[in-house]
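[1] coordinates only, sequence not included:
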């Protein structure tokens, strides 16, 4: 089946620094990649949708300058949390989508900003 | 846009009993309805899905039913086991390549 690799799985960073999270589709070319944020015991909150080679589409209330998304190829998308603050601590999950492969999630990244 | 509602938010069952989780959706254009299982600290994993041209689908202890007229679909887990304990999310989409709209999740606990 389709596999999506997300890295790192856990990261702790100091307040004010930036953190990059990678999402790779390993065995298929993803038409679209999605980035979610999940708070404890809550559902997945869509942050942005990205298509290869074009700018990401951000959901209302998500700061595009804070959460930079780059979708450089059909198999790689990155999310950079810039100038991270403790309130950015959360579980971030990516997913990759392609018509014949459905919608596959990465394993998630636990970000803790101290 | 699509609105997916999911009930219950928490569910506890005795090992061996059945568990049922229900979802409703609003957009009649939705044709694809997957169910995901999320274990603590991990990403959601697809466990079963159904398309609008099918009313029921079964995979061992897991089954999904769809009533397109009423716009609701349900997940049924029979002979539950402790390892079934997790958070389950339903979703709706026009197709597998389109954006998915997720339910709010159901935390299932199977008591040994």
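    Cool, got the structure. On a predicted model such as this, the values are computed, not experimentally measured, just so you know. Residues are numbered from 1 along each chain as shown, chains lettered A, B, ... in the order given.
[2] Spell out which parts of chain A neighbour chain B.
    For chain A, the contact set with chain B under Cβ under 8 Å from any Cβ of the partner chain comprises A:4, A:6, A:31-32, A:34, A:41-44, A:46, A:49, A:91, A:93, A:95, A:97-108, A:110. Heads up, the C-betas are built off the backbone N, CA and C, glycines and all.
[3] can you do 10 Å?
    Applying the criterion Cβ under 10 Å from any Cβ of the partner chain, the portion of chain A that neighbours chain B consists of A:1-2, A:4, A:6, A:9-10, A:30-32, A:34, A:36, A:38, A:41-46, A:49, A:57, A:91, A:93-95, A:97-110.
[4] The helix or strand of chain B with the lowest mean pLDDT: partners in the sheet, and parallel or antiparallel?
    Lowest on mean pLDDT, DSSP states H and E among the helices and strands of chain B sits strand B:101-102, with a mean of 90. Sheet pairing of strand B:101-102 (DSSP bridges) gives strand B:86-92 (antiparallel).
[5] ok so, going back, which of the residues of chain A next to chain B are buried?
    Those of these that meet the buried threshold are A:2, A:4, A:6, A:30-32, A:34, A:36, A:38, A:43-46, A:49, A:91, A:93-95, A:97-98, A:101-109, by 16 or more other Cβ atoms under 10 Å in any protein chain shown.
[6] gap between the two ends of stretch A:86-100?
    Using Cα to Cα, to the nearest Å, one end of stretch A:86-100 lies 39 Å from the other.
[7] Give me the pLDDT for residue B:96.
    As summarised for this prediction, residue B:96 has a pLDDT of 68.
[8] Relative to chain B, how far out is residue A:33?
    The gap separating residue A:33 from chain B is 11 Å, by Cβ to the nearest Cβ, to the nearest Å.
[9] On the strand side of things, show who that residue bridges to.
    Under the criterion DSSP bridges, residue A:33 forms beta bridges with residue A:50, residue A:96.
[10] Likewise for residue A:91?
    When bridges are taken as DSSP bridges, the partners of residue A:91 come out as residue A:38, residue A:110.
[11] What's the separation between it and residue B:14?
    For residue A:91, the distance to residue B:14 under the criterion Cβ to Cβ, to the nearest Å works out to 30 Å.
[12] and the helix-or-strand element of chain A with minimal mean pLDDT, what other elements does it pack with?
    Counting by mean pLDDT, DSSP H and E, the weakest-scoring helix or strand in chain A turns out to be strand A:102-105, with a mean of 85. Here strand A:102-105 touches strand A:4-7, strand A:32-38, strand A:90-98, strand B:32-38, strand B:45-51, going by 3 or more Cβ pairs under 10 Å, 6 or more residues apart in numbering or on different chains; DSSP states H and E.
[13] and with 8 Å instead?
    With contacts defined as 3 or more Cβ pairs under 8 Å, 6 or more residues apart in numbering or on different chains; DSSP states H and E, strand A:102-105 has these neighbours: strand A:90-98, strand B:32-38, strand B:45-51.
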